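K.L.:
Provide a 3D model corresponding to the input given below.
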Amino acid sequence: MMALHCRVTCTLLLLSYAHMGIAADTLSVNGKLKAGMEYQSNVNISELEQASGESDTATALEGEINAAWQVNDHFRLDSSYSINDKRYNKASAYDSRLQLAFIDASYGFNNLTLGSSVYLAQADLDGSDFLTLNQFSVYAMYNLSDSWFIRPSVVYADKDFAQFTLRDASNKSANLDSFWFFQQGQKFISLGAIYEDEDALDKTFSYRAAGINIRVSNQFDLWHIAQKVQLGMKLTQRDYALAIDNNERNDIHQHIDAKWELNINATFALLTSVEYGDYQSILASADYDETRAGLMLQASF
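P.N.:
Below is the predicted model:
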């Protein structure tokens, strides 16, 4: 849930910042196509806390389309749809397809924007339905200055597992994110905190969690080539409702990533990424670490 929140929040904030000053009744549409490879040291299904212990490489295809409509000077609509298809060379049981869609409506005052969004996700695993997620959020975004924003929000999500119904759950979270932009948005720092309460059908999977995340992004030109580098970190502690063998279960999730985007020209870009995740738990299946490395070619339109 935390990863989803971070993605939605950053996407909406960056879209809003990029479209500042656009005239009313303006509609903009853009999209991206990506194709490439990903190496994973420990192929796993994070939502099931299930790791194979085996490494593999996968081919990845992604498509994304975004639309933004500045209805008038105050009211704005944003929407997006994306699909991610991943096929492993050997671990075909972990082949996945993820479809994500959201729509966001916001109304801006002088230094305050109020909004709400609906986010839908559908995940398939090995060709079969796996997870459906419906998420609704309300938020406020306050401009402390031309370059500093804070964004508190509350989120409700509903998870439905097609084949693992005991994991069906509702998730409620409170979030506070802060963003600092520099050099007309070429650089930014984001810092966020989250508290969530997940109530699963089987209380074994119910937990409360607190987490923080930070991301630094820098766009620059080097040798007349536009580039972007991002560094991110997330830390979460989950306190589960039920103990295991009379031992309290308090999992710690740590994740760091580095991403580099090299723009070949106005249309094509080369994307590279390295990620490391360390998941600590007294439950053997949830205690593992992994490294991922990706190389993608992106076409923007």
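
K.L.:
how about residue 116: what's its closest non-neighbour residue?
P.N.:
residue 138 (4.6 Å; Cβ to Cβ, 6 or more residues apart in numbering). Placement of C-beta: from N, CA and C, glycine included.

K.L.:
my read: residue 130 touches residue 121, true?
P.N.:
No: the criterion here is Cβ atoms under 8 Å, and residue 130 misses it with residue 121 at 10.5 Å.

K.L.:
quick one, helices of the chain?
P.N.:
Ranges of helices in the chain, per DSSP state H, are 2-18.

K.L.:
looking at the protein, which helix or strand does the model trust least?
P.N.:
In the chain, no helix or strand scores lower on mean pLDDT, DSSP states H and E than helix 2-18, which sits at a mean of 57.

K.L.:
so what's the residue count around residue 179?
P.N.:
Residue 179 has 22 neighbours, counted by other Cβ atoms under 10 Å.

K.L.:
and it, bridged to which residues?
P.N.:
Applying DSSP bridges to residue 179 gives these bridge partners: residue 149, residue 190.

K.L.:
any stretches of the stretch 201-301 of the chain with poor pLDDT?
P.N.:
Within the stretch 201-301 of the chain, no range satisfies pLDDT under 70.

K.L.:
the nearest residue to residue 299 once chain neighbours are set aside and residue 193, how far apart?
P.N.:
Spatial nearest neighbour of residue 299, excluding adjacent residues (Cβ to Cβ, 6+ apart): residue 33 at 4.7 Å. Going from residue 33 to residue 193 by Cβ to Cβ, to the nearest Å gives 34 Å.

K.L.:
residue 143 contacts residue 111, doesn't it?
P.N.:
Yes: between residue 143 and residue 111 there is a contact at 4.4 Å, judged by Cβ under 8 Å.

K.L.:
if we can go back for a sec, my guess is the residue nearest to residue 299 contacts residue 63, does it?
P.N.:
Yes: applying Cβ under 8 Å, one finds residue 33 in contact with residue 63, separated by 5.4 Å.

K.L.:
residue contacts, residue 122?
P.N.:
Applying Cβ atoms under 8 Å, 6 or more residues apart in numbering to residue 122 gives the contacts 98-99, 129, 131-133.

K.L.:
any of these buried? List them.
P.N.:
Among these, those that count as buried by neighbour count (16 or more other Cβ atoms under 10 Å) are 98, 131, 133.

K.L.:
what residues are up against the first one?
P.N.:
By Cβ under 8 Å, 6+ apart, residue 98 lies in contact with 83-84, 121-124.

K.L.:
please spell out the PyMOL selection for the buried subset of those residues.
P.N.:
In PyMOL, a selection of the buried entries from those looks like this (16+ other Cβ under 10 Å):
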select buried, resi 84+121+122+123+124
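
K.L.:
just give me the closest of the contacts of residue 98 to residue 273.
P.N.:
Using Cβ to Cβ, residue 84 comes nearest to residue 273 of these, at 13.6 Å.

K.L.:
show me what contacts the closest one?
P.N.:
By Cβ under 8 Å, 6+ apart, the contact list for residue 84 reads 60-62, 96-100.

K.L.:
not counting sequence-adjacent ones, nearest residue to residue 41?
P.N.:
Distances taken as Cβ to Cβ, 6+ apart put residue 291 closest to residue 41, at 4.3 Å, once the chain neighbours are dropped.

K.L.:
how about the strands in the stretch 151-300 of the chain?
P.N.:
169-182, 187-200, 207-222, 225-240, 250-263, 268-280, 288-300 (DSSP state E, counting those that start in this stretch).

K.L.:
each with direction, which strands does the last one pair with?
P.N.:
Put plainly, it is strand 288-300. strand 26-40 (antiparallel), strand 268-280 (antiparallel).
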